Structure formats: structure tokens, C-alpha cells
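1. Give me a model of this one.
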Amino acid sequence: MTKDKGIFIKNIYYMLSYAFQVLKQSNYENIASEEFEMVQDLFAVILAKGVAKQLKQGLYREYVIQHENLAVMRGKLDMPETIRNRIQRKQKLACEFDELSENNLLNQIIKTTIYYLIKDKEVSNGYKSDLNKILLFFDNIEILDPSSIEWGRLQYHRNNKNYEMLMNICYFVLDGMLQTTEKGDYRMATFSDEHMARLYEKFILEYYRRNHTYLSEVRAAKVKWNLTGDNESAMIQFLPVMQTDIFLRYNEKILILDAKYYGQTLQTYFNRQTLHSSNLYQIFTYVKNQDKDNTGNVAGMLVYAKTMEKITPDCIFNMGGNQIGATTLDLNQEFKIIAKKLDEIAEEFFGKYEIVG
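-> Numbers count the residues shown, from 1 in each chain. Got it, this is the predicted structure:
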């Protein structure tokens, strides 16, 4: 389990499998039956299986600019470097050309992640052995400095779509990597709230998309500001974007969910524990602007991940004709109970429909 919220590591795998559909494929099916003491082991086995499958298909290659001194002209001539060669009595042409190569950013990130997982003392020896075997196929690929990786540069298309889940696993590992100053050993930090918050949000969205197929809309939608007046278009530029985490629709009814993963679910105000005011104001704003005709068909719910706190929110209010509330999802229990809770959230507002899966 993770140390901060006591989450079953197996549940992190289930959440990943919803966020990234590729984990439902047959080569990953045994992971769910394994027991993991550390989240690093989970990441190690996912990478080992995922990269092994990719090796069978062939590593992704892309054109990379190469600079070499050659006896014959190839590509574009680098004149300054060629002149330097002549001054040094080297009968070589400095050429710049594109070459289809496996030594590209995607494969470099994978090799870097495997390298650091192998050096991590928290990873079990069995998983390290699997990773070492894979590393043999990356001999001609460079290792990167994790802090220099520009994750925003990653782009996916038809030829490298299989890498998307692997890159996300690599991000979770490398973004949490710490180097100790005493022995120079590497270890992964605790799976942080920031990482979990992103996964938690994506998991809930994909859970409803896959299992509640009766819904006509399941997405992370933007809510438009309900503005009136002649200068509406001029003023909209000064207002922040209202981006929902999960937007569910069935016929005329809409349920907006805001996934919250915090160290503390409640705030203390004059010795009284209350919902975070900013969270409540946010969901209230989403609902009221979406329900511009005041139909009451729009509801909002804050879905907090359960912490170690004794008091957790589970309440719903009628605010100006709309249902707005907060509930808690306990990730420290069997996954079927987590799924049942998510089903009940939707059923409470939309009614009971046949659930897939």
C-alpha cells in the first residue's frame, strides 16, 4: 500500500487499467493477481511486460539528424566543419543528414526509466532481472538526465500510439526520482498526491465511459459562463475557463463531478470541520452556469479520495434548486466496492440502468 493514504497498490493498477485501455490486453492479465509491497514493483512489471511486447513489434524509429565526417557526400554539407577538416588535413566531408533511428526521445525515456528502476533499492530483484534482460535491446540508445526531459514535447500518432501508456508510467517514475546525497543511490519518492490526483481524475472519467454506456455524454467538458448584456463577447476574455473533470449527461439531466485527491479532505474553521470553501464555490459555479434556465436538471458532486481522517464528507444539499454535494471514495478496499460506489453516485441522480462489465 502507499504510505500516505493507505491505498492498495493493486487498486493503482486497476486505476491505471481504466486510464490506459492497453492494460486490459492479455499480456498484462497476470498483474492483477500479483501482490505488490511497493509501487515501484508495480511500475517495473508493467514496463517489463509493455516493453517486451513492443520489442516483438519492433521499437519505434523516427528520422534523427546525424552529423558525421564521410568520404563521400551525404545529405547537406556542413561547410565550416568541412573547412576545419581540410585545415587539419582530414580528407573528409562534414555531412548533416536524416537517418531512421531507434535512438529517439521515446526510447531514450524508456531506457532511462528502466535504468533508474534497476538502481532503485525498493525494486525487487526478480523484477530487476526482467528489466536487465530488456535493457540489452537498448544498447544503442542514450540515457537522459531525468530533469532535462521535456514531457510537453511528446506527441503521439498512428506509428507510436502504443508508447502513450509506457510514457505515462515513465513519467510517474522519473518525476518522482530522488538522488540521495550520501551514497549516490537512487530511489523513487512516494507516489505523490500530484501524480495520484491526475490518475484519480482520469480513472473516474474512464470508469463511467466504459461501464455506463447508457449515458449520452461522458467527457471532461467546459462550462460556458452564463453572461448577459451587450458586451458579453468583450468581457469573456477576462473570465477563467471552467473546465470540469467529469461531465455526465443522460437525456436532459447532467451530473458534474469534480475529483479531489488531497492530504486533508476537510478544512478547519473556528474548530469546526467543513468542506473546502474553494471546492464548493467551484462546483456551485459550474452547476449554476450550466443550468442557465434554472431547470434543476444539473447537479454537482465533489468526489474526494478518502484520507486517514475519521470524519469524511457524505452529504448533498439543494442549493437554489440544484443538487450539490460531496462524497468520499475509499481506495483502501476491494476494487469491486470502489466500482459499486461509483455506480451508486450515477444511479442516485440518473436512476438505475444496466451496468456494463
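2. Next one: residue 149 from residue 241, what distance?
-> Using C-beta to C-beta, to the nearest Å, residue 149 is found at 27 Å from residue 241. For glycine as for every other residue, the C-beta is placed from the backbone atoms N, C-alpha and C.
3. The two: which has the busier surroundings?
-> Ranked by neighbour count (other C-beta atoms under 10 Å), residue 149 and residue 241 place residue 149 first, with 19 against 8.
4. mind pulling up the phi and psi values for the more buried one?
-> The phi/psi pair for residue 149 (degrees, to the nearest 10) reads phi -70, psi 130.
5. which intervals of the stretch 51-200 of the chain have sub-threshold pLDDT?
-> Applying pLDDT under 70 to the stretch 51-200 of the chain flags the ranges 176-193.
6. Show me where the stretch 151-300 of the chain has its helices.
-> Assigned by DSSP state H, counting those that start in this stretch, the helices in the stretch 151-300 of the chain fall at 163-175, 193-211, 232-235, 277-290.
7. orientation of the first one relative to helix 193-211 in degrees?
-> Which is helix 163-175. Angle, helix 163-175 to helix 193-211, by axes from the mean of the first three to the mean of the last three C-alpha atoms, to 10 degrees: 160 degrees.
8. Now residue 165: closest residue in space that isn't a chain neighbour?
-> residue 20 (3.8 Å; C-beta to C-beta, 6 or more residues apart in numbering).
9. Would you mind giving the helices of the stretch 151-300 of the chain as a markdown table with mean neighbour count added?
-> Formatted as a markdown table, those follow (neighbours: other C-beta atoms under 10 Å):
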| stretch | mean neighbour count |
| --- | --- |
| helix 163-175 | 20 |
| helix 193-211 | 19 |
| helix 232-235 | 10 |
| helix 277-290 | 17 |
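10. With distance to residue 142 as extra columns, can I get these in a markdown table?
-> Output for the helices of the stretch 151-300 of the chain, formatted as a markdown table (distance: least, C-beta to C-beta, whole Å):
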| stretch | distance to residue 142 |
| --- | --- |
| helix 163-175 | 15 |
| helix 193-211 | 26 |
| helix 232-235 | 50 |
| helix 277-290 | 44 |
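11. Quick one: closest of these to residue 316.
-> Closest approach to residue 316 among the helices of the stretch 151-300 of the chain is made by helix 277-290 (11.6 Å; C-beta to C-beta).
12. now that closest one, how far from the chain's geometric center?
-> Using C-alpha atoms, centre = their mean, to the nearest Å, the mean C-alpha position of helix 277-290 is found 25 Å from that of the whole chain.
13. Residue 83: how many residues sit nearby?
-> Other residues lying near residue 83 total 11 when counted by other C-beta under 10 Å.
14. is it fair to say it lies in a helix?
-> Yes - judged by DSSP: H, G, I helix; E, B strand; the rest coil, residue 83 forms part of a helix.
15. how far away is it from residue 96?
-> With C-beta to C-beta as the criterion, residue 83 and residue 96 are 15 Å apart.
16. coming back round to it: among the helices of the stretch 151-300 of the chain, which is nearest residue 70?
-> With C-beta to C-beta as the measure, helix 163-175 is the member of these nearest residue 70 (31.9 Å).
17. Output that closest one as CSV, restricted to C-alpha atoms.
-> Extracted in CSV, the C-alpha atoms of helix 163-175 (Å, rounded to 0.1, in the frame of the first residue of the first chain):
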residue,chain,number,x,y,z
TYR,A,163,4.0,4.2,-26.4
GLU,A,164,1.5,6.5,-24.7
MET,A,165,0.8,4.3,-21.6
LEU,A,166,4.5,3.5,-21.3
MET,A,167,5.4,7.2,-21.3
ASN,A,168,2.9,7.9,-18.6
ILE,A,169,4.4,5.1,-16.4
CYS,A,170,7.9,6.6,-17.1
TYR,A,171,6.6,10.0,-16.1
PHE,A,172,5.3,8.7,-12.8
VAL,A,173,8.7,7.1,-12.1
LEU,A,174,11.1,9.8,-13.3
ASP,A,175,9.1,12.7,-12.0
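18. Name the nearest residue to residue 85, sequence neighbours excluded.
-> Nearest to residue 85 is residue 92, by C-beta to C-beta, 6+ apart, at 5.0 Å.
19. quick one: contacts for the one you found?
-> Residue 92 is in contact with 69, 70, 71, 82, 85, counting by C-beta atoms under 8 Å, 6 or more residues apart in numbering.
20. again, only this time at 10 Å
-> By C-beta atoms under 10 Å, 6 or more residues apart in numbering, residue 92 lies in contact with 68, 69, 70, 71, 72, 81, 82, 85, 86.
21. Please convert the buried members of these into PyMOL selection syntax.
-> A single PyMOL command is used to select the members of the contacts of residue 92 judged buried by 16 or more other C-beta atoms under 10 Å:
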select buried, resi 82+85
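22. circling back to that earlier point, now do the same contact list for the residue nearest to residue 165.
-> By C-beta under 10 Å, 6+ apart, the contact set of residue 20 is 28, 46, 50, 164, 165, 166, 168, 169, 199, 202, 203, 206.
23. Which pLDDT value belongs to it?
-> Note on residue 20: pLDDT of 88.
24. so how far is residue 300 from the nearest residue to residue 275 once chain neighbours are set aside?
-> Nearest non-adjacent residue to residue 275, counting by C-beta to C-beta, 6+ apart: residue 326, 5.6 Å away. Distance, residue 326 to residue 300, using C-beta to C-beta: 9 Å.
25. which residues are in contact with both of those two?
-> Common neighbours of residue 326 and residue 300 (C-beta under 10 Å, 6+ apart) are 258, 280, 283, 316.
26. what about the nearest residue to residue 131 once chain neighbours are set aside, neighbour count?
-> Distances taken as C-beta to C-beta, 6+ apart put residue 114 closest to residue 131, at 4.9 Å, once the chain neighbours are dropped. The local packing of residue 114 (other C-beta under 10 Å) involves 24 other residues.
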